[in-house]
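J.: Just a sequence and a predicted model for now, questions to come.
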Number of protein chains: 2
Amino acid sequence: MEKLTIQQIADLAGVNKATVSRVLNGSSSISEKTRQKVEKIMKQYNYVPNSIARGLAFKKTFTVGFCFDYTDKRAYANPFFYKVLQGIEEIVYQNDHLFLMMSDHRLKKSKSTFERVVVDHRVDGLIIPNTLLNEQNYNLLLKHKMPYVVSGENMLPKEGVPWVDIDNVQAGRILTEHLIDLGCRHILIYADKSAAERDKFITDRLKGYSEAISKAGLEVNVIHSPEDLKAVNQEGDERSEGLPEPDALICCTHEQLFEVLDWELGHSVLSQLALATFDNFPISRYMKYPIHFVEIDLEMMGKQAAQMLFALMNKEESVVRSISIQTRIGSK
Amino acid sequence: MEKLTIQQIADLAGVNKATVSRVLNGSSSISEKTRQKVEKIMKQYNYVPNSIARGLAFKKTFTVGFCFDYTDKRAYANPFFYKVLQGIEEIVYQNDHLFLMMSDHRLKKSKSTFERVVVDHRVDGLIIPNTLLNEQNYNLLLKHKMPYVVSGENMLPKEGVPWVDIDNVQAGRILTEHLIDLGCRHILIYADKSAAERDKFITDRLKGYSEAISKAGLEVNVIHSPEDLKAVNQEGDERSEGLPEPDALICCTHEQLFEVLDWELGHSVLSQLALATFDNFPISRYMKYPIHFVEIDLEMMGKQAAQMLFALMNKEESVVRSISIQTRIGSK
DNA sequence: TTGAAAGCGCTAACAC
DNA sequence: GTGTTAGCGCTTTCAA
């Protein structure tokens, strides 16, 4: 079955193709009678306008892109990005667009997929992770007037970059408060130094932790390596001097949690600690130790990002350009 | 910066746009001199041909689609699909195409994303999971002459459906043999009955298990619920009658593994069993019990699927239409 | 309200 | 080898 063209539909309906086009685009200047006639034919022949041709005329693609950072291990360690994608897709489909996913691969001709998509205008708008918004990509987007939204708080020192992120300060705070509520009084937090410098979300989680700890009159205690756990736990001297025994450990990321669990294999201090981290993952309950979580509504994050993008694409006025999503303590 | 058109490049180079087009498409009938001249201008002005217009003329989109089955829980339980995607993308990019991902959502106008993409020819070819190849979608693909490849063995009773899958019989066999090598002599396999009827890969894994067990002169022992573990383990009578105590349990899927682990929370028989399943996942080593795995090269599966698709799209002759990928025992 | 025709950026058949 | 021209399927002036 070959696809029908607008011309064929026009012939079948005995009108000009411009008229069919008008019906297609809901133009007002058309008589109810011809509209009915044309619509009947379209339905009868299952006519679907060719979106490529349409795109050429409109200079639009009806496609939204999402660039995936393949160098970002977190993208694979947990369903993070996929939940975000789910949210994005929902909005994209609602807006009658399609969804072009790309990972930031380098193609032949030393051009990245990202660059190609932007330069070639293969999408009408783009969502990219903050890890990918470097100076170069930023300039590319600007140069090609490509609307975009960053998932994750913008870290580039530029004004007006639209972004959507989790409120990591709040997340750090409520997770800590939760542990305090559970009775913990000596709460450690594990934050890798170099990671904290690189990733703002770690700094933010630390900040939330500190706020909650200080407010409760407790002691801030940051460790920078699983090894530090050993020290804390074995130096009996300290404890006998009245220092409370650590009773909880917050890991700023899953990798750090896994690092601790790896380290644990050779030691065994974790059974005495409440473990906590951010962003639940499906099989957490099958792990050796129970783990406390902050639930993060990643689908919402995706939805917000996509909505912001469509607002920008539609050149709506006064678009909110930064959104922080609140988290909550998981139910189990 | 507005994009240059082929006409503008032609004017700048003082040639006809057809000539530029020839340079673009590597036509042979062109003098080295003009080619150089045109290429210089193109480079100088960073010219990138508009792929939409190109697509319209070529009747091609230079895009390959992947349809994601949102109802398939397995897609989220582990990085299965994402690894496959990684393989697909690599081949897609190598072939200078882009990658349109869609989940099988229903859009407005009661049309699925899948349907829309196929009917509207938004891609030149499509990879879909076998769970999505039903009668209706099959007919749609045929009707619109859309090249496609199925990931997972085709289960639709149709001839010539191209597919790529893991060799699950082989996987079942080597996993079982591995356990036998380790000294296990009473190996159970957990295969949910209804799942086995629905999913061929489960039947296949069972088959491989049976082959290995029989070959070793051992006893096939299929359980259909975690509860059966209890029975096996507690009926001391049986054992005293000379039946060997079960020493290994193969779970056909991760869900079943998790089911068993869930059930375990209330009991405690697993420490006596070697646990095994298919398809490793990143955080398996942090789980309560060590787990034996068959490693599955999912990236390879994606690559093979994409390569098969391009072969079909290019109308190559004698395309291999079904590929089974061998697995191996994981190194840890 | 409708039709005719130009144009979106590119390819390809046909001339020269 | 290169230019001319007619499409690809649709939108959008401009007339009628």
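T.: In hand now; what should we look at?
J.: From here on, just use CA atoms for contacts and neighbour counts.
T.: OK.
J.: quick check: mean pLDDT across stretch A:14-23?
T.: What stretch A:14-23 shows for mean pLDDT is 94.
J.: With stretch A:153-163 instead?
T.: For stretch A:153-163, the mean confidence score works out to 93.
J.: what about the strands in the stretch 51-200 of chain A?
T.: A:63-68, A:98-103, A:125-129, A:148-151, A:163-166, A:187-190 (DSSP state E, counting those that start in this stretch).
J.: Distance to B:His224 and mean neighbour count added to those strands, as CSV?
T.: Formatted as CSV, these follow (distance: least, CA to CA, whole Å; neighbours: other CA atoms under 10 Å in any protein chain shown):
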stretch, distance to B:His224, mean neighbour count
strand A:63-68, 40, 23
strand A:98-103, 40, 23
strand A:125-129, 44, 23
strand A:148-151, 44, 27
strand A:163-166, 42, 24
strand A:187-190, 43, 24
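J.: Looking at those, spot the one closest to chain B.
T.: strand A:98-103 (4.3 Å; CA to the nearest CA).
J.: Whether that closest one contacts chain B - can you check?
T.: Yes: residues of strand A:98-103 contacting chain B under CA under 8 Å from any CA of the partner chain: A:98-103.
J.: number of nearby residues for A:Tyr82?
T.: Close neighbours of A:Tyr82, defined as other CA atoms under 10 Å in any protein chain shown, add up to 18.
J.: Check A:Leu141 too.
T.: By other CA under 10 Å, the residues close to A:Leu141 number 19.
J.: Next one, pLDDT for it please.
T.: 95.
J.: OK, contacts around it?
T.: When contacts are counted by CA atoms under 8 Å, 6 or more residues apart in numbering or on different chains, A:Leu141 touches A:118, A:147-148.
J.: So which of those sits lowest on pLDDT?
T.: A:Val118 (93).
J.: Distance of it relative to DNA strand D?
T.: To DNA strand D, A:Val118 is 21 Å away according to CA to the nearest atom of the strand, to the nearest Å.
J.: Isn't that residue up against A:Leu140?
T.: Yes: between A:Val118 and A:Leu140 there is a contact under CA atoms under 8 Å: 7.4 Å.
J.: quick one: which of the two has more around it?
T.: Taking neighbours as other CA under 10 Å, A:Val118 and A:Leu140 compare with A:Val118 leading, 24 against 16.
J.: low-confidence ranges in chain A?
T.: Low-confidence segments of chain A (pLDDT under 70): A:1, A:71-80, A:106-110, A:231-244, A:265-271, A:281-288, A:331-332.
J.: so what's A:Gly65 up against?
T.: A:99-102, A:123-127.
J.: Okay, and the beta partners of it?
T.: Note on A:Gly65: beta-bridge partners A:Leu100, A:Leu126, judged by DSSP bridges.
J.: quick one: it and A:Leu85, what's the gap?
T.: Distance, A:Gly65 to A:Leu85, using CA to CA, to the nearest Å: 11 Å.
J.: With A:Ser112 instead?
T.: Distance of A:Ser112 to A:Leu85, computed by CA to CA: 21 Å.
J.: How about A:Ala306?
T.: On the measure of CA to CA, A:Ala306 and A:Leu85 end up 10 Å apart.
J.: Give the residue from those two that has the larger number of neighbours.
T.: Neighbour totals were compared for A:Ala306 and A:Leu85, and A:Ala306 leads with 31 against 22 (other CA under 10 Å).
J.: Give me the nearest residue to that one, chain neighbours excluded.
T.: Among residues not flanking A:Ala306 along the chain, A:Ile88 sits closest, at 5.3 Å (CA to CA, 6 or more residues apart in numbering or on different chains).
J.: OK, contacts around the one you found?
T.: So A:Ile88 contacts A:299, A:302-306 (CA under 8 Å, 6+ apart).
J.: repeat that with 10 Å
T.: A:64-66, A:82, A:94, A:99, A:127, A:298-307, A:309 (CA atoms under 10 Å, 6 or more residues apart in numbering or on different chains).
J.: Just the helices from the stretch 201-332 of chain A, written as ranges.
T.: Ranges of helices within the stretch 201-332 of chain A are A:227-234, A:236-240, A:254-264, A:298-313, based on DSSP state H, counting those that start in this stretch.
J.: Let me know which of these is the nearest to A:Asp204.
T.: A:Asp204 sits nearest to helix A:254-264 of all these, at 15.7 Å, using CA to CA.
J.: Which neighbouring elements make contact with that closest one?
T.: With contacts defined as 3 or more CA pairs under 10 Å, 6 or more residues apart in numbering or on different chains; DSSP states H and E, the packing partners of helix A:254-264 are helix A:74-77, strand A:187-190, helix A:227-234, strand A:248-251, strand A:274-278.
J.: Remind me what the second one packs against, helices and strands.
T.: To tie it back to what came earlier, the one meant is strand A:187-190. Using 3+ CA pairs under 10 Å, 6+ apart as the test, strand A:187-190 ends up in contact with helix A:168-181, helix A:200-215, strand A:222-223, helix A:227-234, strand A:248-251, helix A:254-264, strand A:274-278.
J.: The second one versus strand A:274-278: what angle between them?
T.: Pointing back at helix A:200-215 there. Relative orientation of helix A:200-215 versus strand A:274-278 (axes from the mean of the first three to the mean of the last three CA atoms, to 10 degrees): 130 degrees.
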